[in-house]
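> Next input, structure requested:
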Amino acid sequence: MSISKPEFLNRDHMAMRIVLCIVGTILCGVAVGFFKYAAFGVDPFTSFVTGLDKISPIEYGMLYIIINAALLLVSIIFDRHMIGLGTIVNLFLVGYLAQYSQMFLTNLLSPDNLIARIICMLIGIVGLCFSAGLYMPADMGVSTYDAIAIIMEKKWHLGRFKYNRITTDFVCVTIGSILYIVSGEPLSSITAIVGIGTIITAFFMGPLVDFFSNNFTKKFFLKD
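This next block holds a predicted model:
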């Protein structure tokens with residue numbers, strides 16, 4: 001997946017790029033909220049943040065900002081091109097959007113409603129992949145987490161984006177699970193952060209982002 005200055009991207013598309021960047025980032029935060037409400041396992045990065053949240057007194061939204069600020073340093077060191085409007089919007093909005101989206105769904109729907117949870121999980125999966133497929137090709141900066149897989153491809157030459165993303169996702173799930181257990185939460189409840197939803201995103205998010213980026217965003221919004 002090529003993100004760095006793709007040939008299809010024309011500077012005349014600036015307004016559209018900004019819209020795709022902001023809309024994609026907002027959808028990302030809301031999608032994570034759907035994941036967290038469904039409690040069938042969240043996406044890998046959220047799994048890591050949630051695990052850390054269990055042992056930290058800091059609220060989820062602020063903790064998300066702190067973690068991403070640390071990852072931002074990696075982007076600054078290895079590829080400043082990854083930093084842009086999308087990076088800043090993601091840094092400050094996604095965590096709180098996820099937190100309040102989950103609260104809204106919890107108040108609206110019963111946590112015992114299995115059908116609602118399954119639907120919300122599916123919405124979360126599609127929404128997360130679709131949102132990344134919007135803001136990444138806009139070339140306005142990506143999330144600090146997405147930047148890691150891109151840097152692995154472009155700067156460290158460790159393989160294609162989608163395979164690097166599988167690797168980083170696996171690491172996040174592993175660390176998140178360990179932190180969740182260490183926090184003292186019952187093992188039976190770990191499916192709230194590591195479950196079927198996590199497995200699907202860990203193995204298919206990279207390819208799905210590729211699909212939405214190439215067959216939707218680039219095709220319909222970022223033409224020459």
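> So which residues make contact with stretch 55-70?
48-50, 52-53, 90-92, 94-96, 98-99, 143-145, 179, 182-183 (CB atoms under 8 Å, 6 or more residues apart in numbering). For the C-beta atoms, the positions are set from N, CA and C on the backbone; glycine is no exception.
> Please list only the buried members of the residues you listed.
Neighbour-count burial (16 or more other CB atoms under 10 Å) applied to the contacts of stretch 55-70 gives 48-50, 52-53, 90-92, 94-96, 98-99, 143-145, 179.
> Filter those down to the ones in helices?
Among those, the ones falling in helices (DSSP state H) are 48-50, 52-53, 90-92, 94-96, 98-99, 144-145, 179.
> among these, which two are most distant?
Spatially, the most separated pair among those is F92 and L179, at 23.6 Å (CB to CB).
> count of residues packed around I151?
By other CB atoms under 10 Å, 19 other residues sit near I151.
> oh, I was asking about R160
14.
> didn't it look like it was pressed against M152?
No - R160 is beyond contact range of M152, at 9.4 Å (criterion: CB atoms under 8 Å).
> in the protein, what spans have low per-residue confidence?
Along the chain, the parts satisfying pLDDT under 70 run over 1-12, 222-224.
> again, only using 50
Low-confidence segments of the chain (pLDDT under 50): 1-9.
> Please, where are all the strands along it?
In the chain, no strands are found when defined by DSSP state E.
> I22 and V89 touch, don't they?
Yes - using CB under 8 Å, I22 is in contact with V89, at 6.1 Å.
> more crowded one of those two?
V89 (22 against 18).
> Tell me how many other residues surround the closest residue to the more buried one other than its chain neighbours.
Once flanking residues are discounted, V89 sits nearest to T25: 4.6 Å by CB to CB, 6 or more residues apart in numbering. For T25, the number of neighbouring residues by other CB under 10 Å comes to 30.
> what's the spacing between T25 and G61?
Look at T25 and G61: by CB to CB, to the nearest Å, they are 14 Å apart.
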